[in-house]
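# Got a sequence here, can you build the structure:
(chains A and B, ligands or ions: 2)
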Amino acid sequence: MRHARELAALAAAESTLSAAGSTLAAAGSTLAAAGSTLAAAGSTAASAEPMTAMDVRARVRDPLFGVASLAFAWELLARLVVDRLPPLSGVLVAGVDLVASGELVGALAASLPTLALGYALAVAVGVPLGLLMGFSQRADALADTPVTTLFVTSVASLLPLLIAVFGAGLGFYVVVVFLFAVFHVTLTLRAGVRDVDDALVETGRVFGASRFGVYRHVLLPASLPHVAAALRLGAVRAVKGMVVGELWVYAGFGSLLHGYQRYSQTDSALAVVLVLMVLAAGLSGGLGALERRYAPWQRVEGGVR
Amino acid sequence: MTTLRAEAVRKTYRSDAGDVIAVDDVSFTVEDREFVSVVGPSGCGKTTLLRLFAGLETPTAGRVLVDGERIEGPSPERAMVFQSFNLFDWRTVRGNVAFGLERQGVPEAERRERVDDWLDTVGLADFADAYPDELSGGMRQRVGLARALAVDPDVLLMDEPFGALDAQTRAVLQSELLDLWEDRRTTVLFVTHDIEEALLLSDRVLVMGAAPNAVTRTVDVPFERPRHGRELETTPAFAEYRREIWDHLRGEQ
Ligand SMILES: Nc1ncnc2c1ncn2[C@@H]1O[C@H](COP(=O)(O)OP(=O)(O)O)[C@@H](O)[C@H]1O
Ligand SMILES: [Mg+2]
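Ligands and ions are numbered 1, 2, ... in the order given. Purely as a prediction, here's the structure:
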């Protein structure tokens, strides 16, 4: 009985999430675009084709315009067409309350440690594993079946099992975050490493790189942009995992969402969704900034090549 | 002293569609400090031949020799320049040129000096800290050339190095290579499908045909050196050679 209710709550919250999904995607790409604009502005000195101030302004202005029109559309839709959708203005007010009441800080304090821990574990396992699978046919043959099987398994369907194994405490949340992120990190990275041009490996050998030198001085640096891409995808997946875990065994953002859902405070629930959106996009954008700092040769739009 | 020698070399690739004979019974010698070009239609085995000398492929039959020794694998003593540049995107221009010296363990100070010398020579001193993505095609190939020359190789293996450049840039780089080579005189095996380029640069031109993928003719190019600034291309003798090779290639098909 209790579980049926929880499933319903989960489904409801998930659908709230997916209703806001397009908003999330749009805002995410806006942040990313703004980020790359800043990076482009920062690197104009070194760039062969410096951007004019007008280009920069246009590239900041256009995404902002995108967000503004989306917000406007939401407001109109809510006020004129869809009765039960709270207008954006209402959601923002609810968001202010969320901050003022301390609920947001409470949720962050509860959720961020599990997010950080699970994500760190996913990176610690996924990055070496992905590199290894990309570098070595042998390692790939060994790891491919288990990794791919787990990748296609719905983590949500494993939740009851995970509770049974890890209990309903910190371990559970960490493992859910880990499982949500680790396979995406691994497989993104493997694909990226495989993508490294064989001709570069040969070039390394021609210029005297040893077997180890080829890994160290060609394959590894050539894979760095893919590491960055894998980390960004992993971060977004980790936030999803955090929310799903916390909706299954209420905690942090999960209990906030559940509470608002229960009392039909859709505006507050959407405010939480907005916060999660900003969290995921912010993490991804921050990692993008790191990438531009440590992989400055990488100047392709979107950062993935 | 560095000579290259191919003795009855055959290279067969296995593929789904059956075996492909990429190089079929090829024999020739490149003498010490000789500039030899290989011309021929695409698919006739030019790249394969170069890769055999680079040590990136092993012959299916016959022998590929450097100074009489069988080639065991790639070595910076036989440095390569590639049509698609193959620069390391994550390294600056200076880092690319330094790559071979780093692998050889040349100390930092000496390395920097030698690299900067080469950057000067190829006219890239101002771009030492740029990344390859920021450079034009011509500049990228200058990096490729400097990277190969910086390791002080005995042999330069060049696979259509100017094939990806526009006509004007190609002409500039050809004459720069000519000057460089006439200064240094390393042994060069140069692949191209541009007959004029081959005649302009080489002491000897090997003409390859397709099916069988073999050297069908060798042409000695007697033009005096230095050739720079002589506008060789406009002389009747040059036109005669070009015509001869061209006719030969057409007769093959
Ligand atoms: N790795 C390979 N596997 C199978 N066939 C190959 C391979 N490399 C080259 N070939 C074939 O060998 C022949 C010669 O190729 P190549 O040496 O690249 O010629 P060229 O450089 O003169 O265009 C072609 O028919 C080509 O398709
Ligand atoms: Mg070729």
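# Only C-alpha atoms from now on, for both contacts and neighbour counts.
Fine.
# got a pLDDT number for the residue in the stretch 101-250 of chain B positioned nearest to chain A?
Here the stretch 101-250 of chain B gets closest to chain A at one residue, B:Glu134, 5.2 Å apart by CA to the nearest CA. As predicted, B:Glu134 sits at a pLDDT of 92.
# Check the burial of it by counting its neighbours.
19 (other CA atoms under 10 Å in any protein chain shown).
# likewise the one 10 residues further on?
B:Gly144: 25 surrounding residues under other CA under 10 Å.
# What segments of the chain are helices?
Just going to use chain A. With helices called from DSSP state H, chain A shows them at A:2-19, A:21-43, A:53-76, A:88-100, A:103-135, A:137-152, A:159-166, A:170-194, A:198-206, A:211-214, A:220-248, A:252-262, A:266-294.
# I was thinking of chain B, sorry if that wasn't clear
For chain B, helices defined by DSSP H occupy the ranges B:46-54, B:93-103, B:108-121, B:137-150, B:167-184, B:195-201, B:236-252.
# Mind pulling the model confidence for the closest residue to A:Leu104 other than its chain neighbours?
Leaving aside its sequence neighbours, A:Leu104 sits nearest to A:Leu98 (CA to CA, 6 or more residues apart in numbering or on different chains; 5.6 Å). On the pLDDT scale, A:Leu98 is placed at 89.
# my guess is B:Val122 contacts B:Gln141, does it?
No - using CA atoms under 8 Å, B:Val122 is not in contact with B:Gln141, being 9.8 Å away.
# Give me the more crowded residue out of those two.
Comparing B:Val122 with B:Gln141 by neighbour count (other CA under 10 Å), the higher total belongs to B:Gln141, at 26 against 19.
# Just list the residues touching the more buried one, thanks.
B:85, B:161-162 (CA atoms under 8 Å, 6 or more residues apart in numbering or on different chains).
# In JSON lines, list those along with neighbour count.
Formatted as JSON lines, the contacts of B:Gln141 follow (neighbours: other CA atoms under 10 Å in any protein chain shown):
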{"residue": "B:Phe85", "neighbour count": "24"}
{"residue": "B:Pro161", "neighbour count": "24"}
{"residue": "B:Phe162", "neighbour count": "25"}
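# which regions of the stretch 201-305 of chain A sit below the pLDDT cut-off?
For the stretch 201-305 of chain A, the stretches with pLDDT under 70 are A:298-305.
# how many other residues sit next to A:Arg205?
Neighbour number of A:Arg205 under other CA under 10 Å is 24.
# pLDDT score assigned to the closest residue to it other than its chain neighbours?
Nearest residue to A:Arg205 in three dimensions, chain neighbours excluded: B:Pro74, at 6.2 Å (CA to CA, 6+ apart). Here the pLDDT value assigned to B:Pro74 is 97.
# Over to B:Ala17?
In this model, B:Ala17 is scored at 89, pLDDT.
# What parts of chain A come near chain B?
Residues of chain A lying close to chain B (CA under 8 Å from any CA of the partner chain) are A:46-48, A:199-200, A:202-203, A:205-209, A:213, A:218, A:221-222, A:295-298.
# From those residues, list just the buried residues.
Among those, those that count as buried by neighbour count (16 or more other CA atoms under 10 Å in any protein chain shown) are A:47, A:200, A:202-203, A:205-209, A:213, A:218, A:221-222, A:295-298.
# Next, count neighbours for residue 61.
I'll assume chain A. With other CA under 10 Å as criterion, A:Arg61 counts 12.
# not quite, I wanted chain B
Using other CA under 10 Å, B:Ala61 has 14 other residues around it.
# now A:Thr188
22.
# Over to the one 4 residues further on?
Applying the criterion other CA under 10 Å, we find 23 residues in the vicinity of A:Gly192.
# before we move on, back to that, do you know how far the residue nearest to A:Leu104 is from A:Gly288?
Note on A:Leu98: its distance to A:Gly288, by CA to CA, to the nearest Å, is 29 Å.
# of those two, who's got more company?
Higher neighbour count among A:Leu98 and A:Gly288: A:Gly288, with 24 against 18, using other CA under 10 Å.
# hang on, isn't the more buried one packed against A:Ala228?
Yes - using CA under 8 Å, A:Gly288 makes contact with A:Ala228 at a distance of 7.3 Å.
# Neighbours of the nearest residue to B:Thr47 once chain neighbours are set aside, how many?
Spatial nearest neighbour of B:Thr47, chain neighbours left out: B:Asp159 (6.5 Å); criterion: CA to CA, 6+ apart. For B:Asp159, the count of nearby residues is 26 (other CA under 10 Å).
# quick one, what contacts B:Asp159?
Contacts of B:Asp159 by CA under 8 Å, 6+ apart are B:47, B:50, B:80-83, B:190-192.
# Next step: those restricted to strands.
B:80-81, B:190-191 (DSSP state E).
# follow-up on the earlier one: looking at the helices of chain A, which is nearest to B:Gly43?
Nearest to B:Gly43 among those is helix A:198-206 (18.5 Å), distances taken as CA to CA.
# With adjacent residues omitted, what lies nearest to residue 132?
No chain specified, so I'll use chain A. Leaving aside its chain neighbours, A:Leu132 sits nearest to A:Ala139 (6.4 Å; criterion: CA to CA, 6+ apart).
# that's the wrong chain, I meant chain B
Among residues not flanking B:Pro132 along the chain, B:Asp89 sits closest, at 5.8 Å (CA to CA, 6+ apart).
# again, but for B:Thr60
Distances taken as CA to CA, 6+ apart put B:Lys11 closest to B:Thr60, at 4.8 Å, once the chain neighbours are dropped.
# what's around the one you found, how many residues?
Neighbour count for B:Lys11, taken as other CA under 10 Å: 23.
# hey, what's it bridged with?
Judged by DSSP bridges, the bridge partners of B:Lys11 are B:Val23.
# dump the residue contacts of it.
Applying CA under 8 Å, 6+ apart to B:Lys11 gives the contacts B:21-24, B:48, B:58-61.
# Name the member of those with the most neighbours.
Busiest of those [other CA under 10 Å] is B:Val23, holding 29 neighbours.
# And the pLDDT for it?
On pLDDT, B:Val23 comes in at 96.
# does it really touch B:Leu49, like I thought?
Yes - B:Val23 is within contact range of B:Leu49, at 6.9 Å (criterion: CA under 8 Å).
# would a markdown table of the helices of chain B with distance to A:Ala122 be doable?
Shown next, in a markdown table, are the helices of chain B (distance: least, CA to CA, whole Å):
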| stretch | distance to A:Ala122 |
| --- | --- |
| helix B:46-54 | 42 |
| helix B:93-103 | 33 |
| helix B:108-121 | 38 |
| helix B:137-150 | 39 |
| helix B:167-184 | 49 |
| helix B:195-201 | 55 |
| helix B:236-252 | 60 |
